[in-house]
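Q: I'll drop the sequence and a predicted model, then ask my questions.
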Amino acid sequence: MTAPAPAANAAESSKLLDWIERVGNKVPNPTIMFVYLIGIVALLSAVLSLAGVKVTDEMVVPVPKDEFSQINEHLGGTWSIYDSVTGEPAEVPDFVVKEQTIAVRSLISVEGARFFFSSFVDNFAGFGVVAVVLVSMAGVGVAEHAGLMGALIRTIVRVAPARWLTFILIFVGVLSSVATDAGYLILVPLAAAAFYSVGRHPLAGLAAAFAGVGGVFAANLLLTPSDAMLTEVTNSVLTSLNMPALEITQNFYFSIVSSIVMAAVVWLVTVKITQKRLGTFEGADGSFHADEEVDEAAEAKGLRTAGIWVGVFALIVLALTLPPGAPLRDPATGNIIGNTPFMASLVFVISLAFMVAGLGYGRGAKTLQGGNAAVAAITKTFASLGGLLLMFLMIAQFIALFNWSNLPTVAAVSAAEVLTQANVPAIVLLLAFILVIVVLDFILPGLVPKWVIFAPVFIPIFAQLGVAPQTLLAAYRVGDSPVNVLTPLMVYLPFMVTVAQRYKKDAGIGTIISLMLPYAGAILVSWTVLYAVWFGLGIPWGPGAPVNLP
C-alpha cells in the first residue's frame, strides 16, 4: 500500500518545479528586471546610508604595484623595500591586509548621481564577460557555421557509450573551470545539442552541463587560475599573522575527490529528476527531428583536416609554453600552472583552436572556405548575440552600482561578525560558515571577491581553534559553488536562457531556475556531507596540508 509513495513524491516535486518555472517566467525580461533591481538598490542604499550603517573590518586589498614602479622610475630606479625584521631586500606583495571602515553610500545623492552618469560607459567597457563572450563565440561561430560542431557531436555520440554520454559531458564541464568561462560558452550549448541528437531532451543536457561547469566550479582534477588567486589572498593574510604560507596544492586531494563525487551527484540528478521531469523532447510537429542527411565522406575528410590543423596549432602553443623562458611561462618563476600568462591565455587559446579547427573542417569538407566566409560566420554569430549584449549592458550597470553602494560588503562583514560571536565547536562553525557563503553568493557571486572579505576575518579566528587555513578554504569552496547556477547575478545565466530558447521559445529565467534547483540542493547537501566526513576523519586536504594546525 505504501509502495507508490516515492512516485507520488516525485510527481509533487515535479509540480513544484513546474510552478516555479511558470512564476519565474512571468518575471519581466531580464534586461527590464535589472532596471527594477537598480531602483530597489538605490532606495535601499539611501535608507541605510541615512541610518548611518557602516562596518569596520580588516580586508585584503591589492597593492598598487604600477604606481610603485612609476615612482621608482622617477627616482632613477634606485628605490627598493626591505624586510623590517631581517633587513633583507623584499618584493612588493600582491596584497596587504588593511583595516577599513565601510559605510553604505546612497545612490540617491549628488555623489551617487555623479557616479551613475560618469561611469555608465566605463562600467560596460570594463565588464570583462562581454569580451570573453565575443572572443569565445568568434571561434565557436566559425566552427559551427563550418559544420564542425555538428560533426563533433555526431562523433561523440558514436564513440561514447550511450549510458556514459551524460557523465562524460558533466565531467568535462567540471574540468572546464581550468579555462575559467569557456565551459559556459562552449560546453553547455554543445551538451544541449548532443542530447538533442540522441533523442533526449536538450534542456536536460543544458542543465547537466551547466551544473557541472557552475555548480562544481571550485573543484577540479587540475590546478586552475582560481586556485592561484585564492592562494595569493590567503598568503597575504598569513604573512600578516606571521604564519607559514600555503602552496597552491593546499586543497588538491579534496578538490580531486570532490570533482569526481560531485560529477556523480550531478549525473544522478540528471537521470533521476531532470530527464524524468522533462520527458521526451518533441518538435513542432510532435516528433523528434533527426539530423538531416550527412555526406559522411566529406565529414570524415573535414574532421581529418581539422585534426591536422589543430595538431599544428597545438605544436605552436607548446613551443610558446614549454621551453625555458617561453612567452607563456611566468617571467619571474618560470611556472606554467598558476597565475601565469599561459593560464591567462586559455580562453583565447581555446577560441583560436576552435577557429582553426573550423577553418580546417571547412576546407576539408568544402563547407566554409576563404577569409570572407570566416568573417561572415563571425559576423552572423555576433549578430545573434544582440539581445544578450543589451542584457549585459544593464547587468554591468547593476553590478557596478551595487558594489559602489557598498551594500554587498556591508552584508558580508555583518554576516562574518555574527559567525565570530558564535561560541560553538569548530565543525559547527565551519558548517555555519558554508551556509553563510551560500547565502552571500546570491548577492556577491565570484570565487575570489568574497574570499577577499572573509579571509582576514576568519583565518585568525579558526587558527585560535586549531583549524588550519586550508581547512577553512576547503569549506569556502563548498559554499561558493552550488548556487552559482541560481543567482540572477551570475553573469552567464542570461546566456543559459538564450541557449534554452533555441529549443523552447518561451523559456525564461524561471525555466533555468526550475531546472537548476535540484542540482544546487543536491550538490550543496552532498558536498557538505563529504566535507564533514573528511574533516572528521582528519584526511589531509592536499600535500602537506593537514586539517588542524600543528
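A: Sure thing, it's come through.

Q: ranges for the helices of the stretch 101-250 of the chain?
A: Using DSSP state H, counting those that start in this stretch, the helices of the stretch 101-250 of the chain run over 110-125, 128-146, 148-159, 162-175, 182, 188-197, 202-210, 225-240.

Q: I'd guess L328 is in a strand, am I close?
A: No - applying DSSP: H, G, I helix; E, B strand; the rest coil, one finds L328 to be coil, outside a strand.

Q: residues contacting it?
A: 317, 320-321, 336, 340-342, 345 (CB atoms under 8 Å, 6 or more residues apart in numbering). (C-beta placed from N, C-alpha, C; glycine too.)

Q: about what we covered before: dump the helices of the stretch 101-250 of the chain into JSON lines; add mean neighbour count and distance to L401 as well.
A: Output for the helices of the stretch 101-250 of the chain, formatted as JSON lines (neighbours: other CB atoms under 10 Å; distance: least, CB to CB, whole Å):
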{"stretch": "helix 110-125", "mean neighbour count": "14", "distance to L401": "7"}
{"stretch": "helix 128-146", "mean neighbour count": "22", "distance to L401": "17"}
{"stretch": "helix 148-159", "mean neighbour count": "17", "distance to L401": "38"}
{"stretch": "helix 162-175", "mean neighbour count": "20", "distance to L401": "32"}
{"stretch": "helix 182", "mean neighbour count": "24", "distance to L401": "29"}
{"stretch": "helix 188-197", "mean neighbour count": "25", "distance to L401": "28"}
{"stretch": "helix 202-210", "mean neighbour count": "29", "distance to L401": "27"}
{"stretch": "helix 225-240", "mean neighbour count": "22", "distance to L401": "25"}
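
Q: May I see the ones you listed organised as JSON lines, with distance to N423 and mean pLDDT added?
A: Formatted as JSON lines, the helices of the stretch 101-250 of the chain follow (distance: least, CB to CB, whole Å; pLDDT from 0 to 100):
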{"stretch": "helix 110-125", "distance to N423": "40", "mean pLDDT": "95"}
{"stretch": "helix 128-146", "distance to N423": "42", "mean pLDDT": "86"}
{"stretch": "helix 148-159", "distance to N423": "54", "mean pLDDT": "81"}
{"stretch": "helix 162-175", "distance to N423": "37", "mean pLDDT": "90"}
{"stretch": "helix 182", "distance to N423": "45", "mean pLDDT": "73"}
{"stretch": "helix 188-197", "distance to N423": "44", "mean pLDDT": "90"}
{"stretch": "helix 202-210", "distance to N423": "40", "mean pLDDT": "96"}
{"stretch": "helix 225-240", "distance to N423": "23", "mean pLDDT": "83"}
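
Q: Quick one: closest of those helices to L352.
A: helix 128-146 (6.1 Å; CB to CB).

Q: which of the contacts of L328 are buried?
A: 320-321, 340-342, 345 (16 or more other CB atoms under 10 Å).

Q: thinking again about what came up before, please identify which of the helices of the stretch 101-250 of the chain is closest to V436.
A: Closest to V436 of the helices of the stretch 101-250 of the chain, according to CB to CB: helix 225-240, at 17.4 Å.

Q: re the thing from before, among the contacts of L328, which one has the lowest pLDDT?
A: When the contacts of L328 are sorted by pLDDT, the bottom entry is T340 at 83.

Q: and that residue, how far is that from T333?
A: Counting by CB to CB, to the nearest Å, the gap from T340 to T333 is 8 Å.

Q: and what of L185?
A: Separation of L185 from T333 (CB to CB) stands at 30 Å.

Q: more neighbours, the two?
A: Comparing L185 with T333 by other CB atoms under 10 Å, the one with more neighbours is L185, at 27 against 10.

Q: ok, for that one, nearest residue in space, not its chain neighbours?
A: Setting aside the residues directly before and after it, L185 is nearest to S136 in space (CB to CB, 6 or more residues apart in numbering), at 4.3 Å.

Q: and if you look at L515?
A: A207 (4.3 Å).

Q: Would you enumerate the residues in contact with that neighbour?
A: A207 makes contacts with 270, 274, 515-516, 519, as judged by CB under 8 Å, 6+ apart.

Q: mind listing the strands for this protein?
A: Here the chain has its strands, by DSSP state E, at 54-62, 81-82, 89-90, 95-103.

Q: which regions of the chain sit below the pLDDT cut-off?
A: Within the chain, the segments meeting pLDDT under 70 span 1-12, 59-95, 179-180, 283-293, 338, 422.

Q: top helix in it by residue count?
A: Of all the segments assigned as helix in the chain under DSSP state H, the longest by residue count is helix 509-537.
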